[in-house]
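K.L.:
Turn this into a model:
(4 chains)
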Protein chains: 2
Amino acid sequence: MLQKRIDDHAPPTREAMREAEDIFYKHLKRVGLKHTDQRDAILHTFLETRDHLSTDELFRMVRKKDAKIGFTTVYRTLKLLAECGLASEVAFHDGVTRYEHQFNRRSHHHMVCTECNASVEFFSPEAGKLSEDIARRFRFDAARHTFQIYGICEDCRKTSKKPV
Amino acid sequence: MLQKRIDDHAPPTREAMREAEDIFYKHLKRVGLKHTDQRDAILHTFLETRDHLSTDELFRMVRKKDAKIGFTTVYRTLKLLAECGLASEVAFHDGVTRYEHQFNRRSHHHMVCTECNASVEFFSPEAGKLSEDIARRFRFDAARHTFQIYGICEDCRKTSKKPV
DNA sequence: GGTATAATTGAAAATGAATTTCAATTTCAA
DNA sequence: TTGAAATTGAAATTCATTTTCAATTATACC
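P.N.:
Purely as a prediction, here's the structure:
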């Protein structure tokens, strides 16, 4: 599936990695879980990614580094990462849950083409402000928000002009 | 699951029903499908609902009216309704696709409590404007958008103060 | 009204992502 | 070092979603 990005996203610096590890392992300690090599490897692989990964996609990437790590562990680690805010779920309505990492990224949002499933990220500080305002109004403790626009991208509009 | 609503949502008038039927059956004709009693019953039941229904929930409601209508038909009709814009999918990240009807409703959005899964709808014309602006900027033909805020609702914040 | 054609229906089967199970292994605090 | 508790990962399970298919029904055309 085609995925476009508006900005350039530099790979995480060693500094950023360490910071993320810190967040992750503090979270593990807090909920009484342990530090393992597998979790380390999965965290690192995940932070190096861009775009939106399904559990299976991340699993395949992790496996390249360490073939002994299983799907289940990736699945569970992804849940942990989501719990401590390093990852967040994105739903594109195609039946697969995807995750993207939230570390050191501006808050951003998606446009999804319902024709070719391509997704384009965009930034909108306004959406963040909106989220804060509304949460305050309803006494909600907002952790995150998603903003997605569904439609047809320019390319698909062009090609669909051709006779079917 | 608890569901709250900010506004009051009147049941559809006969007029509105007819208008929705018109949209639906024009769509069917356009794609070469047929008018059936089942589709009628499902459309009507759906329009009378509020909130966000899973296919199964709608199926149970439809079954009360006509016990011979099967799950598969409800499932397929819901897809058709989504195709012509009368319904739209809402993802709450709990593994079930829900639909809500879009007929005669202001565009609205959701806050979802990740603790108790309650969802609260809210309105935000700003979000609609945002969607239009962004789509224009990227030459996207925007059909719809979703804006969801995840967090902890006031009630859960209170109860979670109690010792676990 | 009759008829041919194509769509519809719904029960059952299939699919596939997400989740759980469990025995063997590993972590970590004491 | 040791023991209690968490982890791991393969396999099994769950469950929403989707497909299949034979019987039924709607519609266009006569």
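K.L.:
Mind checking if the lengthiest helix in chain A is in reach of DNA strand D?
P.N.:
For chain A, the helix with the greatest residue count under DSSP state H is helix A:14-30. Yes - counting by CB under 7 Å from any atom of the strand, DNA strand D has neighbours in helix A:14-30: A:Leu28. (Each C-beta comes from the backbone N, C-alpha and C, glycine too.)
K.L.:
Kindly report the residues of chain A close to DNA strand C.
P.N.:
Within chain A, the positions lying close to DNA strand C (CB under 7 Å from any atom of the strand) are A:34-37, A:54-56, A:71-72, A:75-76, A:79, A:95-97.
K.L.:
burial count for A:Asp141?
P.N.:
By the criterion of other CB atoms under 10 Å in any protein chain shown, A:Asp141 has 15 neighbours.
K.L.:
List the beta-bridge partners for it.
P.N.:
B:Ile152 (DSSP bridges).
K.L.:
ok, it to A:Ala87 distance?
P.N.:
Distance, A:Asp141 to A:Ala87, using CB to CB, to the nearest Å: 19 Å.
K.L.:
pLDDT averaged over the helix or strand encompassing A:Leu130 - what is it?
P.N.:
Per DSSP states H and E, A:Leu130 falls inside helix A:125-137. The pLDDT scores in helix A:125-137 average 84.
K.L.:
Stretch A:64-72 too?
P.N.:
Summarised as a single mean, pLDDT over stretch A:64-72 is 94.
K.L.:
Quote the end-to-end distance of it.
P.N.:
End-to-end distance of stretch A:64-72 (CA to CA, to the nearest Å): 16 Å.
K.L.:
ok, residues contacting that stretch?
P.N.:
Stretch A:64-72 is touched from outside by A:38, A:41-42, A:45, A:55-56, A:59, A:62-63, with contacts defined as CB atoms under 8 Å, 6 or more residues apart in numbering or on different chains.
K.L.:
now that we have those, which one has the most neighbours?
P.N.:
A:Ile42 leads the contacts of stretch A:64-72 on contacts (other CB under 10 Å) with 27 neighbours.
K.L.:
returning to that earlier point: close to chain B, is the longest helix of chain A?
P.N.:
No - if you take CB under 8 Å from any CB of the partner chain as the test, helix A:14-30 misses chain B, and the best it gets is 13.2 Å.
K.L.:
ok, and for that helix, which residues are buried?
P.N.:
Neighbour counts over helix A:14-30 (16 or more other CB atoms under 10 Å in any protein chain shown) mark A:17, A:20-21, A:23-25, A:27-28 as buried.
K.L.:
do the same with stretch A:127-144
P.N.:
Using 16+ other CB under 10 Å as the burial criterion, the residues of stretch A:127-144 that qualify are A:127-128, A:130-131, A:134-135, A:138, A:140, A:142, A:144.
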